[in-house]
Structure formats: structure tokens, C-alpha cells
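K.L.:
what shape does this take:
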Amino acid sequence: MELRDSGMGRFDFVARHRLWGEREAEAAERVAKLIAEERIEVVRLSFGDQHGILRGKTVTARNFPSAMKNGHTITNTLLVKDTSHRTVYPVFTAGGGLGMPEMSGAGDIVLVPDPTTFKILPWAPGTGWVLCDIYFPSGKPVPFSTRQIYRRLLDELARKGYEYVAGLEVECYILKLEDPKLRPEHAGQPAEPPEVRLLAHGFQYLTENRMDELDPVLQLLRRNLLELGLPLRSVEVEYGPSQCEFTFDPGIGLESADNMLLFRSAVKQVCRRNGYHATFMCRPGLPNLFSSGWHLHQSLRDRGSGQNVFIPSSDEELLSPIGRHFVGGLLAHARAASVFTTPTINGYKRFRPYSLAPDRATWGRDNKGAMIRVLSGANDPVTRVENRVGEPAANPYLYMASQIIAGMDGIENALDPGEPTDEPYAAKAVPLPRSLMEALAALREDAFFREKLGDLFIDYIITLKEFEVNRFLSEVTDWEHREYFEIF
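P.N.:
Residues are numbered from 1 along each chain as shown. Next comes the predicted model:
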């Protein structure tokens, strides 16, 4: 690889701080050859921010070798923005409002590519893509990097002899773009949402005719996702009008979280380039549209044998003792974990009784009304638990990290999930938060999450989300106008 100085004045940043292992170094050599063979012109350097949104910079192929060796700088204010892209913390004060000199003055952080994640984007001619980790110029990891937080928890899990296995089942809406609202008066923070129309009517769940109506855009997406190398398993038509579901083969460790990040971005980009609008918003504010969920299938396997440790010893049991305790932890921490599984104000509108979404912390055998649906059997290698509480907009690293934190607390303290239920909407169980405000209060009070993620990160994420909540509370809504304008 040719080495060029990117202007940052620090050759071999990656080597000096020992940020890559042998696997990454070998991958970097393969990537360099692939870029030359495929005549790649530019490479997007991307990282998943605190909301699970991809951000980054694009470098020319000529300068990519330098970015591989030295990283590439990007402003640290990206880490302190809410979902409207407003900067929440006072960055031009000492410590940037976070008590950290590295966060002062809107300075730089360094994007360091993970060459094992390199892809060629099939919808963007001549464009490569690589996922990055973020570091301070000193080489110190940024404590707000959700990918690195998740990696650290995976390493802890590995030291205890386990690997985390996760499968994705994600719903979203794909709509025809009618008006992108690109006039100057539409460019606020946030901008005006686009006008859309349906591609098909709803309420004909899994019918072939509805599937065929959506097939032109689903073909387009399917081909691009498979060409990316994502492990797509199925594409289905959901209950709502123009609502779809994508499922993926299970992956180990970082793989599924990285795939979720790329999947969402790919769907949105391919759709927009072809005159569609894809949204992973949980419950769009449009007539007759229903909530979308992200059901996370998960299990643990033994690092030595590769055996699924959730498999029960008989069909009379739902799970092994380890599996039961893991579920016990998920239930015990469900309220606090909601900030990570359901991080938007909108996501809590999904928690309704008799809606195929949970409204309380319950578990049951193959029960789609329970928060934790258990799919298992003696000697069944795909025994797993499905958490049905998540929304499609969740940051995948934080969603999965919250499961490991809660589940391992259950295992280590032998937490009992109680008896499984056949009546999840009538069970005497702890209710899930009814709002993001309630979830933030639960996270603030959960000492175990604070212990595992640290005061700095917990206070950081609560501050970001509270800023979002306060903006919401300051808005005058259509509901308020209808409710009070005439009667008072």
C-alpha cells in the first residue's frame, strides 16, 4: 500500500496505537487490491453515531491508503447532537460540557477504518464503503463510541466463555416519493418530511397479490442487499399498507449489529435514488399506517464447543437454566433497557395491548404478545429467545449491548423469570414504560446499567434524549389544537 500523509502530521497512527490485529492488517491488503481491480474512485468512511445513524467523510481512492494507515479527522460535535442534528452540549466551554478536554472547542476525533467491513456499494458507481471506529488524536478510544462499547461487552462475554448470537427481523415502510420538500422554506431542523403515497393497500397480511404489487421495489432492494453480502433470509409483506419485513441469518458478535447499520442505510439510499421513501420510524403519522417493530432473536453459545447453551434438556422445559436466567435478566432490566431498545418518543406508541407488541415484561412459549417469545425444543440447535420490544430506529450496538448487560446479570445472579404466561396482556407483570420520559427515569435509577456502562456514558445518553424530549414538550401539536382551540 502506498502511504500518503493526509495532512494530520501523524504517520502510522494505526500501528503506533496498535489499533489493528493480524486480521485487520490482512484485510487491508485485500482491500487495496480490490480497489485497484474494481477501479474504485472514492471510499466512504462511516461510523455509527449515538443514534445509530451513519456519518462520515468520503476520500478519493488515491488517498484511501493514508486513511487506512493514519485515520481521518472529523469534528467531535457529531457526538453531541440530537436527532434534529442540533448540538446539545456547550462545546465552546472548557471540557465541552462533558468535563473532557478532548471534547472542547469543536475539535477533531479520528475515524479509523475497520478493513474487514469494506464493501463496494452496488447502487453508487465507483464507490467503496468502510465502517470506522473513532479515537481521540491521542489514540485513546472515544467513550461515546457505541460500537466500541458493544465490542467491550462482547470481550467480557468471551472471557466468561460465551459468544452472543443475534438474528434480525425488521419491519419498515416503503412508500412512493411524491414531493421531497426541497424548497428553502422546508429546510428546518428538522426539515419538513416528504410527501408520499402508498405502493399498495394494507390489511392483507402475507397475501401473494400484495407481495407482487411491491415486488418491483423489493427486487431492487433484494439485489442490492445480496450484492452487498448481507445475509438476507426473507422479504415479506406486513399488515400495514406498504409495510415490509426483512429477516437475516443469525450472526455472531459485531456482525449482526454492523449488518443492521448497513442494511438501514442501504434501504434508504437505494429507495431515494429510485423515487421511493423508506422509513424505519416506528409509527409514521400518516392515515392507516401501523407500528413497525424490530424483533431481536438471540442466544448464547459456548466458545469452546460452539454449543447453544439455551437448549433445554427436555421438551417440558422452555430453556436451559442458563437460558432461563438470561430471560430473568431481560425482564428485570426491561424498563431501563427501553432507552436502548426503544430510543425515540414515537416508539412508545407501539406498546399497546392486543397489538402483537408487548405492554409489560412477560415471557412465554411461542407467544407473540409477550415481550420475550421463546422458540425452543430439546436438541433443537436454533433454540433462542426473541425480544419483541425493540423499534427499527434503535442503535443496534446499544440494543444488543443492553441485552448482554441484562442477560448476563440474570445468569450471574440466577434471576428467576417466573412462570411463562399464555395471557401476556393480563399477566401480573411490570409494565413497560409508556413514554421515553418514563424510560429515562428508569435508566437513571438502574444501578447495574450505570455500573456496566459508566456514569459518563449514562449521563451523556440521558442528556441527549432529555434534550429531544424537551423540544417535543415545547411544541404545540395537532392534538392540542383540536382538543383546546374551540372549547376554550
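
K.L.:
M400 against Y150, yeah?
P.N.:
Yes. Using CB atoms under 8 Å, M400 is in contact with Y150, at 6.2 Å. Heads up, the C-betas are built off the backbone N, CA and C, glycines and all.

K.L.:
what is in contact with the two at once?
P.N.:
Both M400 and Y150 are in contact with A257, where contact means CB atoms under 8 Å, 6 or more residues apart in numbering.

K.L.:
who's more crowded, the two?
P.N.:
Neighbours per residue (other CB atoms under 10 Å) separate M400 from Y150, with M400 holding more: 28 against 25.

K.L.:
excluding chain neighbours, what is closest to that one?
P.N.:
A257 (5.3 Å; CB to CB, 6 or more residues apart in numbering).

K.L.:
residue contacts, the one you found?
P.N.:
A257 touches R147, Y150, A166, P396, Y397, Y399, M400, counting by CB under 8 Å, 6+ apart.

K.L.:
contacts only, for the fourth one.
P.N.:
Applying CB under 8 Å, 6+ apart to P396 gives the contacts G48, G52, S256, A257, D258, M260, L261.

K.L.:
repeat that for 10 Å
P.N.:
By CB atoms under 10 Å, 6 or more residues apart in numbering, the contact list for P396 reads 48, 52, 146-147, 150, 166, 168, 170, 254, 256-264, 294, 296, 340, 390.

K.L.:
do the same with the first one
P.N.:
If you count contacts by CB under 10 Å, 6+ apart, R147 has them with 47-48, 52, 114, 131-134, 254, 257-258, 261, 395-398, 401.

K.L.:
also the second one?
P.N.:
The contact partners of Y150, by CB under 10 Å, 6+ apart, come to 48, 164, 253-254, 257-258, 395-402, 404.

K.L.:
tell me which of the residues you listed fall in helices.
P.N.:
Using DSSP state H, L254, A257, D258, P396, Y397, L398, Y399, M400, A401, S402, I404 are the members of the contacts of Y150 that sit in helices.

K.L.:
quickly check those for the two that are furthest apart.
P.N.:
Across the ones in helices among the contacts of Y150, the longest distance by CB to CB is 17.1 Å; it joins D258 and S402.

K.L.:
quick one, which of these two is more surrounded?
P.N.:
Between D258 and S402, counted using other CB under 10 Å, S402 has the larger neighbour count: 30 against 21.

K.L.:
right, and that one touches A336 too?
P.N.:
Yes. If you go by CB atoms under 10 Å, S402 and A336 touch, sitting 8.2 Å apart.

K.L.:
shared neighbours, those two?
P.N.:
Common neighbours of S402 and A336 (CB under 10 Å, 6+ apart) are L443, F449.

K.L.:
quick one: the strands in the stretch 251-400 of the chain?
P.N.:
251-252, 276-279, 294-302, 363-365, 372-375, 384-390 (DSSP state E, counting those that start in this stretch).

K.L.:
ok, the stretch 101-250 of the chain next?
P.N.:
108-113, 119-120, 127-135, 162-179, 195-197, 232-237, 243-248.

K.L.:
let me have those strands in a markdown table, extended by distance to D478 and mean neighbour count.
P.N.:
Formatted as a markdown table, the strands of the stretch 101-250 of the chain follow (distance: least, CB to CB, whole Å; neighbours: other CB atoms under 10 Å):
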| stretch | distance to D478 | mean neighbour count |
| --- | --- | --- |
| strand 108-113 | 40 | 24 |
| strand 119-120 | 41 | 18 |
| strand 127-135 | 39 | 23 |
| strand 162-179 | 20 | 20 |
| strand 195-197 | 17 | 15 |
| strand 232-237 | 30 | 16 |
| strand 243-248 | 23 | 22 |
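
K.L.:
could I get those strands as TSV with mean pLDDT and distance to L453?
P.N.:
Below are the strands of the stretch 101-250 of the chain laid out as TSV (pLDDT from 0 to 100; distance: least, CB to CB, whole Å):
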stretch	mean pLDDT	distance to L453
strand 108-113	97	20
strand 119-120	98	30
strand 127-135	98	17
strand 162-179	97	16
strand 195-197	96	37
strand 232-237	95	31
strand 243-248	97	26
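
K.L.:
between those strands, which one is closest to E317.
P.N.:
Among those, strand 162-179 comes nearest to E317, with 19.8 Å by CB to CB.

K.L.:
what lines up beside that closest one in the sheet?
P.N.:
Paired with strand 162-179 in the same sheet, following DSSP bridges, are strand 195-197 (antiparallel), strand 243-248 (antiparallel), strand 251-252 (antiparallel), strand 276-279 (antiparallel), strand 294-302 (antiparallel).

K.L.:
including distance to T127, could these go into JSON lines?
P.N.:
Formatted as JSON lines, these follow (distance: least, CB to CB, whole Å):
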{"stretch": "strand 195-197", "distance to T127": "27"}
{"stretch": "strand 243-248", "distance to T127": "23"}
{"stretch": "strand 251-252", "distance to T127": "24"}
{"stretch": "strand 276-279", "distance to T127": "19"}
{"stretch": "strand 294-302", "distance to T127": "27"}
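
K.L.:
any idea of the pLDDT on D478?
P.N.:
pLDDT recorded at D478 is 85.

K.L.:
and the one 10 residues further on, by the same measure?
P.N.:
F488 is assigned 86 on the pLDDT scale.

K.L.:
ok, back up a step: just send the strands of the stretch 101-250 of the chain back as JSON lines, with distance to E475 too.
P.N.:
Output for these, formatted as JSON lines (distance: least, CB to CB, whole Å):
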{"stretch": "strand 108-113", "distance to E475": "32"}
{"stretch": "strand 119-120", "distance to E475": "39"}
{"stretch": "strand 127-135", "distance to E475": "32"}
{"stretch": "strand 162-179", "distance to E475": "23"}
{"stretch": "strand 195-197", "distance to E475": "21"}
{"stretch": "strand 232-237", "distance to E475": "34"}
{"stretch": "strand 243-248", "distance to E475": "27"}
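
K.L.:
among these, which comes closest to G410?
P.N.:
strand 162-179 (12.8 Å).

K.L.:
as CSV, could you dump the C-alpha coordinates of that closest one?
P.N.:
Only the C-alpha atoms of strand 162-179 are listed here, as CSV (Å, rounded to 0.1, in the frame of the first residue of the first chain):
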residue,chain,number,x,y,z
TYR,A,162,-19.8,-17.3,25.7
GLU,A,163,-20.5,-15.9,22.3
TYR,A,164,-23.6,-13.7,21.5
VAL,A,165,-25.7,-14.8,18.5
ALA,A,166,-28.3,-12.5,17.1
GLY,A,167,-30.8,-12.7,14.2
LEU,A,168,-32.6,-9.6,12.8
GLU,A,169,-36.3,-9.4,12.0
VAL,A,170,-37.0,-5.8,10.9
GLU,A,171,-40.2,-4.0,9.7
CYS,A,172,-40.3,-0.8,7.8
TYR,A,173,-42.4,1.2,5.3
ILE,A,174,-41.5,1.7,1.7
LEU,A,175,-43.5,4.5,0.0
LYS,A,176,-43.6,6.4,-3.3
LEU,A,177,-41.9,9.7,-3.0
GLU,A,178,-44.2,12.4,-4.3
ASP,A,179,-42.7,15.7,-3.1
